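Chemist: dropping the sequence and predicted coords here.
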Amino acid sequence: MKRTKAVRHIGLFPALILAAIAVLLAAAAVRAAEPGAEADKSSSMQMMERIETIVYGEPNKGGLIERLNSIEKELFGRSLPGSISERHSATLNFLETGTADQPSMLFKLGVAEWIVGRVQPQKPALTRLELLETELDGEMQYGKPLAMRVERVLSTLVAETVTFQDVILAGATVLRVKFLEELSPAKSKKGDFVGLALMDDILVDRSLVAPKGSLVETYVREVKQPRPFGVPGEVRLDFRALLPLGPQRPPVTFGNASKKATEEAQKNRDKGAGGILGAGAASLGGALLLGPIGLVGGALIRGNSIKIPEGTVMFLETSGDVRVSAYPVPESLQIDPGATIRESLVPMTTTTTTTTTVTTTTVGKPSDGAIELPAEQKID
């Protein structure tokens with residue numbers, strides 16, 4: 001794949017950004033007028049903290065209006081019109097949801113990372129973008145709005161416009177995941193987020209739903225230390241959802257399909273990046289009792305000396321058919337996107353890509369985004 005030639009045309013970009021944000025503001029105004037919509041300071045502060053956490057990794061300090069103006073200038077190059085609640089909703093939609101024609105900024109960052117071969121959804125959006133810029137250009141593009149910088153990265157990586165289409169992610173789709181850190185009663189406490197990451201790309205009809213490295217939302221529900229008279233310790237995990245490219249959150253669980261995958265992996269002694277966590281996993285410090293916890297699913301790990309090392313592999317599955325937004329992979333990237341980029345742009349360590357493909361019915365049509373610049377207006 002040839003590197004796309006970027007053209008300097010900065011003047012028209014803010015107008016395109018504002019045209020897209022106008023759509024988001026209109027939708028935000030409708031939601032604010034709906035019965036039950038909250039606009040008090042508490043909810044506004046919560047939305048502000050969420051926006052800042054997505055972009056920076058943590059909330060900032062200072063007055064609400066000052067912080068809102070600052071984040072809007074960071075993202076779009078200027079403050080937006082409208083009430084505080086409308087501006088919060090428009091900014092969150094831009095970051096997480098997108099519009100009917102335009103994928104969100106997080107969606108686009110995930111696609112760019114997948115092409116390069118380093119998906120890092122656990123990092124703040126600004127850090128992810130800076131790493132991509134450093135990887136591609138050797139330096140970060142300070143002084144330009146983040147929206148513009150994301151589009152520039154994408155135009156460098158792929159000639160086609162990054163868009164999305166709706167597909168059906170089927171229930172009982174098996175997810176091979178690994179623990180990103182050690183899990184044990186000594187280190188874990190109730191409410192902790194458990195890092196579980198996909199070990200394979202998930203595609204439906206050649207559309208990318210979730211790239212390798214995507215997170216599975218999992219929390220520690222309960223921790224019990226070992227007690228006298230041989231009472232074993234326990235760690236209860238609450239599996240909630242796969243976090244794909246799009247804003248949807250397909251629920252996950254442990255069922256027949258994932259149980260069969262676990263048994264097959266143990267039978268074949270497929271250790272992957274670590275041990276296989278499954279029923280009777282005594283080598284990992286305890287037995288894993290799998291079954292429903294709450295409305296979705298979970299696991300109870302029980303033993304006298306529980307210790308699940310970083311890199312331990314386990315299998316989960318989607319718990320029902322879900323319509324999700326996916327990236328229709330262009331032909332230029334369907335063989336090995338990482339290899340294509342590494343060949344033409346960046347000397348990188350070889351990345352092996354394993355793909356889980358689900359055959360299903362595709363619905364909806366890809367369309368050009370409202371913020372994506374036309375080819376003749378790409379920004380260098």
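Modeler: Cool, got the structure.

Chemist: work out for me the element Ser258 sits within.
Modeler: helix 256-267 (DSSP states H and E).

Chemist: okay, now the domains of this structure?
Modeler: Described in terms of automatic domain parsing, the domain architecture of the chain consists of the residue ranges 1-162+369-380, 171-320.

Chemist: on that earlier part again, quick one: buried residues of the helix holding Ser258?
Modeler: Neighbour counts over helix 256-267 (16 or more other Cβ atoms under 10 Å) mark Ala257, Ser258, Lys259, Ala261, Thr262, Ala265, Gln266 as buried. For the C-beta atoms, the positions are set from N, CA and C on the backbone; glycine is no exception.

Chemist: do stretch 173-186 as well
Modeler: When burial is assessed from 16+ other Cβ under 10 Å, stretch 173-186 yields the following buried residues: Thr173, Val174, Leu175, Arg176, Val177, Lys178, Phe179, Leu183, Ser184, Pro185.

Chemist: how confident was the prediction at the fifth one?
Modeler: Same thing as Val177. Per-residue confidence at Val177 stands at 94 (pLDDT).

Chemist: once you drop chain neighbours, what's closest to it?
Modeler: Using Cβ to Cβ, 6 or more residues apart in numbering and skipping the chain neighbours, the partner closest in space to Val177 is Leu196 (4.5 Å).

Chemist: who does the one you found form a beta bridge with?
Modeler: Residues in a beta bridge with Leu196, per DSSP bridges, are Phe179.

Chemist: my read: it touches Tyr219, true?
Modeler: No. When contacts are counted by Cβ atoms under 8 Å, Leu196 is not listed as touching Tyr219 (10.5 Å).

Chemist: of these two, which one has the most company?
Modeler: Each of Leu196 and Tyr219 has its neighbours counted (other Cβ atoms under 10 Å); Leu196 has more, 26 against 15.

Chemist: what pLDDT does that one get?
Modeler: Reported pLDDT at Leu196 in the predicted model: 94.

Chemist: just the one 4 residues further on next, same as before
Modeler: Per-residue confidence at Asp200 stands at 95 (pLDDT).

Chemist: correct me if wrong: it contacts Gly213.
Modeler: No. Distance between Asp200 and Gly213: 9.9 Å, which falls outside the contact criterion (Cβ under 8 Å).

Chemist: tabulate the buried residues of helix 256-267 (TSV), appending pLDDT and distance to Pro228.
Modeler: Output for these, formatted as TSV (pLDDT from 0 to 100; distance: Cβ to Cβ, whole Å):
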residue	pLDDT	distance to Pro228
Ala257	90	40
Ser258	88	35
Lys259	86	34
Ala261	89	38
Thr262	85	33
Ala265	84	36
Gln266	79	33
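
Chemist: where does the stretch 251-380 of the chain have low pLDDT?
Modeler: When residues are selected by pLDDT under 70, those of the stretch 251-380 of the chain lie in 269-297, 300, 302-305, 335-380.

Chemist: swap the cut-off to 50 and go again
Modeler: 271-273, 279-287, 290-296, 340-355, 357, 359-380 (pLDDT under 50).

Chemist: for the nearest residue to Glu52 once chain neighbours are set aside, what are its contacts?
Modeler: If you skip the residues right next to it in sequence, Glu52 has Pro59 as its closest partner in space, 4.8 Å away by Cβ to Cβ, 6+ apart. Shown in contact with Pro59 (Cβ atoms under 8 Å, 6 or more residues apart in numbering): Met48, Glu49, Glu52, Thr53.

Chemist: can you give me the helices in the chain?
Modeler: Using DSSP state H, the helices assigned to the chain run over residues 13-33, 41-56, 64-76, 84-92, 105-116, 125-137, 146-157, 256-267, 337-344.

Chemist: the ones you listed: which one's closest to Val324?
Modeler: In this view, the helices of the chain are compared for proximity to Val324 by Cβ to Cβ, and helix 105-116 is the closest at 11.1 Å.

Chemist: for that closest one, packing partners?
Modeler: Helix 105-116 makes packing contacts with helix 125-137, helix 146-157, strand 322-328, helix 337-344 when contacts are defined by 3 or more Cβ pairs under 8 Å, 6 or more residues apart in numbering; DSSP states H and E.

Chemist: tilt between the second one and helix 105-116?
Modeler: Going back to what we said before, that points to helix 146-157. Computed by axes from the mean of the first three to the mean of the last three Cα atoms, to 10 degrees, the angle separating helix 146-157 from helix 105-116 equals 30 degrees.

Chemist: and the shortest one, by the same measure?
Modeler: Interaxial angle, strand 322-328 versus helix 105-116 (the same axes, to 10 degrees): 50 degrees.

Chemist: what comes up buried for strand 322-328?
Modeler: Taking 16+ other Cβ under 10 Å as the neighbour-count basis, strand 322-328 is seen to contain the buried residues Val322, Val324, Ser325, Ala326, Tyr327, Pro328.
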